[in-house]
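Visitor: Starting from these lines, generate the structure:
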Amino acid sequence: MPSATHRALTRSRRIALAAALCIAAAGIHAGEQRPLAERLAEAREINKYVPERALPLLLAMEQEGRAAPLPDRIEFLNQLTYGYYAIGKMSEATSVADELLALGHEHKNNVAIAKGLLFKGYIAYSTQELAKSHRFAREAEKLAYTTDNIELQVRATITAGETWAEEGNFPKALERLQAAATLARQHRDPTQIVMALNALIRLYGQMREHDKGFEALEEALAAARQTNSPGRMATLKHSEYGLAVGSGQYQRGLKALLESLAIERSLGAESMAALSLVNLSDCYLKLKDYANVIRYGEEALVSAERLNDIGLGATARLNLGQAYLATGRLAEGKRYIEEGMRAYENLGDKPELQAVLVEYGQALERAGDLGGALKAYHREREISNELFEKRRQRAVLDLQAKYETEKKQRQIELLRTENEVNRLQQRVWWLLAAVFALASVVVGMLYRKVRQANAQLYLKNKELKQQSVRDPLTGLYNRRHFLEFMRNQVPQANREPCGALFLLDVDHFKHINDSHGHAAGDAVLTAMSASLREILRETDMIVRWGGEEFLAFLPSIPHNGLDEVAQRLLSGISAVRIEHGGQTLTVNVSIGFAPFPLTCGDETLPWERAVNIVDMALYLAKAHGRNRAYGVQGFAEPSQVCIADVEQNLERAWRAGQVKLSVVQGEWLEQRASA
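Guide: Have a look, this model is predicted:
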């Protein structure tokens, strides 16, 4: 299941992974006569690590904080926003962040505005509004550098760096986080050094530069010792765990987690201890120590339910489900995993649910439940297509906005052209009165200019029409164009198939996006489209069918040549080397294919049903090991075939002798199988 560490790091901008100095609430109440700034500093330490304890303290001093001088009032509102935000009260956090922004604008105080913008960015991030979140964060960074608040500058620079990492722009993220670390070192503040280096360590983990991450960790540990803060030491133990797991050092990661858990329990930081328990369960899962997976997973589940943390509870259930599947307790394993997936559905976290389904399918494959694995892959594909459609709709809206802008620009240019033509015509009439021959030359020039303008408008309209049928990333035909094309195709019964449909899906594409960023995923899709153009003919229609799915319609090909095409596709794509970010990537694909039109006796299947059967063949390729192709060669005698049964379960129909399939394996000789 997805790593608990991964989920923790994606929430690093919301809740710092550190434990608290155990400051008792009674101690703060006893010092109520001390200056407000001093009490706010103590509340800030608690707020950072145990916000559920800090919020009542902040509310107790609310009247005094709102009436305090401007610097203390800004810090009070800043801490109150964080307190609401950290325990998940987003409505209250938004209200106080808006109040902080209004206060900053009223007094023209950039510290207050920058802090308010940072929290607006954190809140937008929590609702997956990444574009808005990144805009707020980068605006806050610019404002922070107009102030003399070094702590704000460091924090804003760290947040801005993390926004670039979220977009997959690791060089820009590295430049900003290194700038934050340099700034913290210049002012010799060990707390700020730990903050900056911890963010840098996480980035090195994402970039898979683990050696650099461990170097930064040593420096951060030295700085944390200077703060004399067990909480910050626990923070770095979590970061050490992430690096260790990323570099395959599971025993080191396990040791770091156990040390962190001991610190958190001694400080009473229950929410952080719950996170450590989930990570321990995940680490033992990697070590295949299923007894400890169950032990720590159940402890994490109890803590998550006590904290009402649905996401943490979902992760604990997924790890427990993995352990039970691995030990042969399929019913219990499926129950826990289904409960975890329902939690993600309730949270609306479709991308995480998609990742869970991929790994669930793989776990069921290993357990020998191929039917269950196939169902999981089908559910994952539905979510993938849904997410792809949402991204496509956003791209269409962007394209429409661009088209409207260009249309207005063309209208302006056309008006200018018309005005210019009118002026020139007036001059022509004046010139005709003087010299007719010269006027004729001018008229000829005007005529050519109008023709050129019309030709440019024709080319622009042609370009816009082309954009409407092409995928903007790969340049291939889009799904809408294929649907319109197929509506005009009328399959004829009782004739030999003369074409074919091939459906390809990139294996482990989610892993590429997670490991190398979405820019790497786009590079893979672009390289795939170029490779398909080289392998297939110019007369073949290649379509970007879904997120990482491609459909090829071959209008004219011998029936006995389909396996050869499948072999060329498997071999050609696996041979492609994709250079991205200083690394070389390779990919494999799984393929389903069939002749087209697809007939059974005198019945010719509609193209939609033919594509559905090809899609099922693709899922057989996925479920039986990937990097291979399953092709429908034909059907048995019509009296022995029920097309509805074939569409319901292709593998069962194959084994029952209703359908004939061929299997083509990547990097191996072709194998045929028919019943």
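
Visitor: Could you identify the helix or strand that succeeds the helix or strand containing Ile294?
Guide: Following DSSP states H and E, one finds Ile294 within helix 290-307. Counting by DSSP H and E, the next helix or strand C-terminal to helix 290-307 is helix 310-326.

Visitor: Could you tell me how far that following helix lies from the centre of the chain?
Guide: 22 Å (C-alpha atoms, centre = their mean, to the nearest Å).

Visitor: now that helix against helix 290-307, angle please.
Guide: Relative orientation of helix 310-326 versus helix 290-307 (axes from the mean of the first three to the mean of the last three C-alpha atoms, to 10 degrees): 160 degrees.

Visitor: Export only the CA atoms of helix 310-326, formatted as CSV.
Guide: Extracted in CSV, the C-alpha atoms of helix 310-326 (Å, rounded to 0.1, in the frame of the first residue of the first chain):
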residue,chain,number,x,y,z
ILE,A,310,-9.4,9.4,8.8
GLY,A,311,-6.4,9.5,6.5
LEU,A,312,-4.1,7.9,9.1
GLY,A,313,-6.7,5.2,9.9
ALA,A,314,-7.0,4.5,6.2
THR,A,315,-3.3,4.0,5.8
ALA,A,316,-3.2,1.7,8.9
ARG,A,317,-6.0,-0.5,7.4
LEU,A,318,-4.2,-0.7,4.1
ASN,A,319,-1.0,-1.9,5.7
LEU,A,320,-3.0,-4.5,7.8
GLY,A,321,-4.7,-5.7,4.7
GLN,A,322,-1.4,-6.2,2.9
ALA,A,323,-0.1,-8.2,5.8
TYR,A,324,-3.1,-10.4,6.0
LEU,A,325,-3.0,-11.0,2.2
ALA,A,326,0.6,-11.9,2.4
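
Visitor: Run through the neighbouring helices and strands of the helix or strand that that helix is followed by.
Guide: Next along the chain after helix 310-326, taking DSSP H and E as the criterion, comes helix 330-347. With contacts taken as 3 or more C-beta pairs under 8 Å, 6 or more residues apart in numbering; DSSP states H and E, helix 330-347 sits against helix 310-326, helix 350-367. (Glycine included, C-beta is placed from N, CA and C.)

Visitor: Could you name the helices and strands sitting against the longest one?
Guide: Translated: helix 350-367. helix 310-326, helix 330-347, helix 370-434, helix 509-516, helix 607-623.

Visitor: Mind doing that once more with 7 Å?
Guide: Applying 3 or more C-beta pairs under 7 Å, 6 or more residues apart in numbering; DSSP states H and E, one finds that helix 350-367 contacts helix 310-326, helix 330-347, helix 370-434.

Visitor: Pick the most deeply packed of these.
Guide: Across the helices and strands packed on helix 350-367, averaging neighbours per residue (mean count of other C-beta atoms under 10 Å) puts helix 310-326 on top, at a mean of 25.

Visitor: Now do that helix and helix 350-367, the angle between them.
Guide: Counting by the same axes, to 10 degrees, helix 310-326 points 10 degrees away from the direction of helix 350-367.

Visitor: Check which helices and strands the helix holding Ile294 is in contact with.
Guide: Counting contacts by 3+ C-beta pairs under 7 Å, 6+ apart, helix 290-307 packs against helix 270-286, helix 310-326.

Visitor: Could you export these as JSON lines, including mean pLDDT?
Guide: Listed next are the helices and strands packed on helix 290-307 as JSON lines, based on pLDDT from 0 to 100:
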{"stretch": "helix 270-286", "mean pLDDT": "87"}
{"stretch": "helix 310-326", "mean pLDDT": "87"}
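
Visitor: Mind putting those helices into CSV with distance to Leu40?
Guide: What follows is the helices and strands packed on helix 290-307, written out as CSV (distance: least, C-beta to C-beta, whole Å):
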stretch, distance to Leu40
helix 270-286, 22
helix 310-326, 29
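
Visitor: closest to Arg39 out of those helices?
Guide: helix 270-286 (23.3 Å; C-beta to C-beta).

Visitor: Just the CA atoms of that closest one, as PDB, please.
Guide: The C-alpha coordinates for helix 270-286 follow below in PDB (Å, rounded to 0.1, in the frame of the first residue of the first chain):
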ATOM      1  CA  GLU A 270       0.000  11.500  20.300                       C
ATOM      2  CA  SER A 271      -0.800  12.600  16.800                       C
ATOM      3  CA  MET A 272       2.900  12.300  15.900                       C
ATOM      4  CA  ALA A 273       3.300   9.000  17.700                       C
ATOM      5  CA  ALA A 274       0.300   7.700  15.600                       C
ATOM      6  CA  LEU A 275       2.200   8.700  12.400                       C
ATOM      7  CA  SER A 276       5.300   6.900  13.600                       C
ATOM      8  CA  LEU A 277       3.200   3.800  14.300                       C
ATOM      9  CA  VAL A 278       1.800   3.800  10.800                       C
ATOM     10  CA  ASN A 279       5.300   4.300   9.400                       C
ATOM     11  CA  LEU A 280       6.600   1.400  11.500                       C
ATOM     12  CA  SER A 281       3.800  -0.800  10.100                       C
ATOM     13  CA  ASP A 282       4.800   0.200   6.600                       C
ATOM     14  CA  CYS A 283       8.500  -0.400   7.300                       C
ATOM     15  CA  TYR A 284       7.900  -3.900   8.600                       C
ATOM     16  CA  LEU A 285       5.800  -4.500   5.600                       C
ATOM     17  CA  LYS A 286       8.800  -3.800   3.400                       C
END
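
Visitor: Now do that helix: which elements does it pack against?
Guide: Using 3+ C-beta pairs under 7 Å, 6+ apart, helix 270-286 is in contact with helix 4-10, helix 230-246, helix 250-267, helix 290-307, helix 310-326.

Visitor: So what's the residue count around Leu585?
Guide: Neighbour count of Leu585, defined by other C-beta atoms under 10 Å: 18.

Visitor: Once you drop chain neighbours, what's closest to it?
Guide: In space, and not counting its chain neighbours, Leu585 is closest to Ile578: 4.3 Å by C-beta to C-beta, 6 or more residues apart in numbering.
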